[in-house]
Every structure is written in structure tokens, then in C-alpha cells.
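A.B. asks: Sequence and predicted structure are below.
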Protein chains: 2
Amino acid sequence: MEMCLTCSVLYAKTTLGSEGSLGIVTKVSILTPPKLSSVNVAFLACTDYLSCQKLLLEARRKLGEVLSAFEFLDEQAMDLALNHLEGVRNPLPPALHKFYVLIETTGSDEHSDREKLEAFLVHSMEEGLISDGVVAQDIQQASSVWNIREGIPEALMKAGAVYKYDLSIPVEKIYDLVEEMRNKLGHLARVVGYGHLGDGNLHLNISCPQYDDAVLAQIEPFVYEWTSKHHGSISAEHGLGLMKADKIFYSKSPAAVQLMASVKNLLDPNHVLNPYKVLPQSLSSP
Amino acid sequence: MEMCLTCSVLYAKTTLGSEGSLGIVTKVSILTPPKLSSVNVAFLACTDYLSCQKLLLEARRKLGEVLSAFEFLDEQAMDLALNHLEGVRNPLPPALHKFYVLIETTGSDEHSDREKLEAFLVHSMEEGLISDGVVAQDIQQASSVWNIREGIPEALMKAGAVYKYDLSIPVEKIYDLVEEMRNKLGHLARVVGYGHLGDGNLHLNISCPQYDDAVLAQIEPFVYEWTSKHHGSISAEHGLGLMKADKIFYSKSPAAVQLMASVKNLLDPNHVLNPYKVLPQSLSSP
């Protein structure tokens, strides 16, 4: 069992990353800590990616125990959300911001948590890490800020065709890939980067009016090779599933994949458990 | 890789719980969050075990985000520490307390963390959960409070022979086992209970002047059967290792153990990786 804290989704996985291909869940018992009562959300703007990184480090230091989300989106993602989603508006005054960061804190004491967050924002402003920022004043404002971040996949669907990649990459390299991809594609497509920066997770999305093999040829295998070269993973939180099973070698050595297949054969000799997933068909046939 | 936060020990395990029997670690990369600057320690007394449980629930609710340790010891453990360790004294005024709880908080803001802890203690006192308590005023007092808890294994060694069990049991049942064992053994031995209550972990220690097969026969297999019946684990944090490899069936079904042995054979066909550990010899021979 695994809980994605940023998405609030409960994943049932018999073995981490096996996507149910090593067993079935017959019974689940979840021990949950009491829900903490105080949630605060801030929406901030940064002028460059380096500032986002420094802000993350600072947030871990100053808000460590209450920090429950640290999400980033670039201006392209923000434009998409503003143009394609109903009722979404930028809570910050109009200005040219390259990056936005959503910070959520969760703790037990409204007063002291809010003081902590505000002191952190003042300090970050003084240090020049953020160029603007706002703290949601109530749950409605907090949820409308979350709507920007969570609405991006919907906005991308409305904007046309989209090629989606869910990568984990060392934090300091994350945005290099977005920029390289942007340079490579030029006017062919719009490259959008957002994700759970706190987890080193990039949602790289490439949006164009319609699906186009010429665009795809520019993206793949480049994106997989780039991620592999930088010791990242090509499936950060969503698993390899059906569509990316044959891409596993970008993240794992042949010996490791062979071992995974052997374990799979041992546990499921007839391949009845969630078949065709995770491992290439050549390795997982009975 | 696994970090025991209460013991501050870094365990290198290739697979959780495999004790190195499924592989060897060739390279380790550890991403550590910045150390938070504010640590507070309180030492509290409870009159019964139910109060310890309620206190834990309350601590999770009121101190959730800063709670970094919740340890308990019974009066027998305290007596041992006071009688056999040099320089250890009870920080609470003399009184008959059945249980002691050590709470540690770790956060980023000295002032607000301390306020939170003190408010929690006042509330717990009013609710009758604790009968007495003290907050360490400086790092020296904090470390002398930790010395009581961490000195218990040494005190047990000095007191004579000791039979040690490291169990995980549902929190509400933990102390039932200590009391049943105490009733069973009577004057034959001293039964001591302490551990990481926050993790459902009991260190059950049975102390007597010298090792005695008659005492051991009273303890085993009773302690294993009792733990198994209450859906606990007979190796909470220390693993089965060499001495308890044949006790694995108290925690796992024969089918599960057979699968573990098959995976072991697959990864290590010549049984050169940390041999004789975890699995019974009958299953793990080449």
C-alpha cells in the first residue's frame, strides 16, 4: 500500500512498483494518524528556476515539520490553466513571472503554523527568492489556488493533443530538460513543465494542435535517453503500465530486468496477475 | 536502506527485512533533509497503561508534525536504570509511578515548538492522562532524560542474565503480554517492558540472576504463540538473524516462507549472501 500525499490518492500495490503484477490485494488494513487541523496554502512567484530550488531548500529548513506540498509550474502551464479552465484566475497581481510555487503546510496549531509560514515568506522576499506571493485567507481561496495546479492536465486536454511524461530527475536538472525540449521543438509544439518539486518529479507535457509523428520523433527517444543519462526514472509516480513496458531498459539494467522477470515467473507462473504490465512482453510470456 | 529514527542507526538492507541475505550494497546515496534546529524533550509519568495509550493518541493529534519520539518504560525498567546505571536519576519528584513516557519534538522554531509542547502538557495534566511531568530546560537535561531510556539494555546486562524479545504488537495489547508474563513467572524472574510505543514496538526483557532452562521453558514458546495469536511480529526492528530463523513460522504462513525461500534461491543460488539468516536452514540450503 502506498499513499501519494500530494495527490491524496491511495494506491494499492502488492509490491512497490509492481502495479499489481506480483499479487492481488485480498485485505487492507490502514493505520491512519489523526488528521491535523491546520492547513495553510501560499502561492508564490519566482523569477528563475534556481530560485525555485533555493526556495525548496529553505522551505525544508524553515517549514520542515509542517511542509505538506511543494508544487511548481512554469508560466506556460499557468497560461494554459488561465486560458482553458473556467473560473481560474491568477491570485497574484499581473506581472511577468517565469515560475510559480504552491506551498502547503499542515500542522496542529493554526496560529503558530501561520506565523511560521508568514515569517518564511517575509524572509524569502528579503532574500530575493520570490518576486511576489499571497497566502490564502480561507479554505475557498486555498482550494482555488489548488485548482490552478490540479487543473493543468484538464487544460492540456482542452488545448489539443498532448504527449505526457512522468519523470523523476535530480531537482537541479529538472528544468534543463524542459528548456532543451523547448529549444528542440521550437514552434512545433508548446512545452509545459510542472510537478511535485519536493519529490524531484517533473510532469513534462508537450502540447500541439493535433498528434503528429514528426513531433513525436523529436521527443522520443530523446526524452528517455536524456532521463537515463541523468540517472532519472522514466516512471516517477504513475508506473510503466502497458504503454511504457518496453521502455523499462532506460531505467534498469538488463540484469535487473531479467531478475524482475524471474521473480514475476516465480510468483505468477501462468501470468494471470495484471498481465502485459511493467515488463516487456518478450520477457513475461509464460 | 532504512533509517531507524528512534535509535539514529542507519541500517543497510538491500531489501527491507532481508538482512542482507538477498544482495550486497555496492553504493549508497542518501538524500537527507536539513536537520531541524529545535529539539524539546519531556519526561512524564502515567498511572496506568491506558493513560499511556491515550497520551499517544493525543500527542499525535496535538504534536503530530513535530513528534519525533514517543517512548515508554514501566516502573520495573526505571528501577533497573536507577539501580544499575551511574549518574542516572529520576527527573520527577519521588512518587509511585507505574509508567513513564519520554516525548521528543523536533521542529524548526524553538519558541512555537516549546509553546506547543507546554500547552500539550497542561492539557494532558488537566485531562488526568499524566500524573507528573517535566520539560528538559537545556540539552544536558534532555540528554540525561534520554540516558534513562537508552541505558535500560546496559542496566539489564548488569543485573544478571536476560532473555530479550523485540516484538511488534497492536498498541492496545502491548502491556497485556508483559502482565501475563509477569503472572506466569511470579518470583522466578523480573519482567521488564519498554519500547517505542509510537511504533507499536515492545522490548520485553526477562531478567534473572542467571540463565535457567526452567525459566526459559516458561517463556518460550509462550511469548511467540501469544504474539502470533495477536497478529504481532516476533521481530519488530531487529530482524530474525541467526538465532530466531526457525521462529519465522510464528509470523508468516508456510506458503509465504516457501515463497521467500524461492526468491532467495533465485537471487542467490549458491547461498553466499549473509548465510544462515532469516530463513530456517532446512529451506535455505543450496
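C.D. replies: Perfect, I can see it now. Numbers count the residues shown, from 1 in each chain, chains lettered A, B, ... in the order given.
A.B. asks: mind listing the strands for chain A?
C.D. replies: A:2-4, A:9-11, A:38-46, A:67-74, A:99-107, A:132-135, A:161-168, A:190-196, A:201-208 (DSSP state E).
A.B. asks: And these: which comes nearest residue B:175?
C.D. replies: With Cβ to Cβ, the closest approach to residue B:175 among the strands of chain A belongs to strand A:2-4: 29.6 Å. Every C-beta, even on glycine, is put in place using the N, C-alpha and C of the backbone.
A.B. asks: all helices of the stretch 101-250 of chain A, in order?
C.D. replies: All helices of the stretch 101-250 of chain A, identified by DSSP state H, counting those that start in this stretch, fall at A:110-126, A:139-159, A:174-185, A:213-219, A:222-229.
A.B. asks: how about CSV for the ones you listed, with mean pLDDT, mean neighbour count and distance to chain B added?
C.D. replies: As requested, the helices of the stretch 101-250 of chain A are exported to CSV (pLDDT from 0 to 100; neighbours: other Cβ atoms under 10 Å in any protein chain shown; distance: least, Cβ to the nearest Cβ, whole Å):
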stretch, mean pLDDT, mean neighbour count, distance to chain B
helix A:110-126, 92, 17, 4
helix A:139-159, 95, 17, 18
helix A:174-185, 97, 17, 14
helix A:213-219, 96, 13, 29
helix A:222-229, 96, 17, 17
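A.B. asks: To residue A:99, which of those lies closest?
C.D. replies: helix A:174-185 (8.5 Å).
A.B. asks: about what we covered before: relative to residue B:193, which of the helices of the stretch 101-250 of chain A is closest?
C.D. replies: For those, proximity to residue B:193 was assessed by Cβ to Cβ; helix A:110-126 is nearest, at 35.0 Å.
A.B. asks: quick one: which of the helices of the stretch 101-250 of chain A is nearest residue B:177?
C.D. replies: helix A:110-126 (38.8 Å).
A.B. asks: by contact count, what packs against the closest one?
C.D. replies: If contacts are counted by 3 or more Cβ pairs under 8 Å, 6 or more residues apart in numbering or on different chains; DSSP states H and E, helix A:110-126 sits against strand A:38-46, helix A:49-62, strand A:99-107, strand A:132-135, helix B:110-126.
A.B. asks: CSV please, covering those and showing distance to residue A:188.
C.D. replies: Below are the helices and strands packed on helix A:110-126 laid out as CSV (distance: least, Cβ to Cβ, whole Å):
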stretch, distance to residue A:188
strand A:38-46, 27
helix A:49-62, 23
strand A:99-107, 23
strand A:132-135, 32
helix B:110-126, 51
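A.B. asks: Quick one: closest of those to residue A:258.
C.D. replies: Closest of these to residue A:258 is helix A:49-62, at 37.1 Å (criterion: Cβ to Cβ).
A.B. asks: Could you list the low-confidence segments of chain A?
C.D. replies: Low-confidence segments of chain A (pLDDT under 70): A:1-17, A:284-286.
A.B. asks: one more time with 50, if that's ok
C.D. replies: Applying pLDDT under 50 to chain A flags residues A:1-15.
A.B. asks: which bits of it sit near chain B?
C.D. replies: A:33-34, A:36, A:57, A:60-66, A:106-109, A:112, A:115-116, A:259, A:262-263, A:266-267 (Cβ under 8 Å from any Cβ of the partner chain).
A.B. asks: before we move on, the earlier item: okay, the strands of chain A in a markdown table with distance to residue A:145 and mean neighbour count next?
C.D. replies: Shown next, in a markdown table, are the strands of chain A (distance: least, Cβ to Cβ, whole Å; neighbours: other Cβ atoms under 10 Å in any protein chain shown):
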| stretch | distance to residue A:145 | mean neighbour count |
| --- | --- | --- |
| strand A:2-4 | 19 | 12 |
| strand A:9-11 | 20 | 12 |
| strand A:38-46 | 5 | 22 |
| strand A:67-74 | 10 | 22 |
| strand A:99-107 | 6 | 25 |
| strand A:132-135 | 8 | 18 |
| strand A:161-168 | 23 | 19 |
| strand A:190-196 | 14 | 24 |
| strand A:201-208 | 18 | 23 |
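A.B. asks: Mind putting the ones you listed into JSON lines with distance to residue B:44?
C.D. replies: Converted to JSON lines, the strands of chain A look like this (distance: least, Cβ to Cβ, whole Å):
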{"stretch": "strand A:2-4", "distance to residue B:44": "31"}
{"stretch": "strand A:9-11", "distance to residue B:44": "35"}
{"stretch": "strand A:38-46", "distance to residue B:44": "24"}
{"stretch": "strand A:67-74", "distance to residue B:44": "28"}
{"stretch": "strand A:99-107", "distance to residue B:44": "22"}
{"stretch": "strand A:132-135", "distance to residue B:44": "36"}
{"stretch": "strand A:161-168", "distance to residue B:44": "42"}
{"stretch": "strand A:190-196", "distance to residue B:44": "38"}
{"stretch": "strand A:201-208", "distance to residue B:44": "40"}
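A.B. asks: Please verify my assumption that residue A:263 contacts residue A:23.
C.D. replies: No: if you go by Cβ atoms under 8 Å, residue A:263 and residue A:23 don't touch, sitting 11.2 Å apart.
A.B. asks: more crowded one of these two?
C.D. replies: Comparing residue A:263 with residue A:23 by other Cβ atoms under 10 Å in any protein chain shown, the one with more neighbours is residue A:263, at 18 against 15.
A.B. asks: Thank you kindly, that will do.
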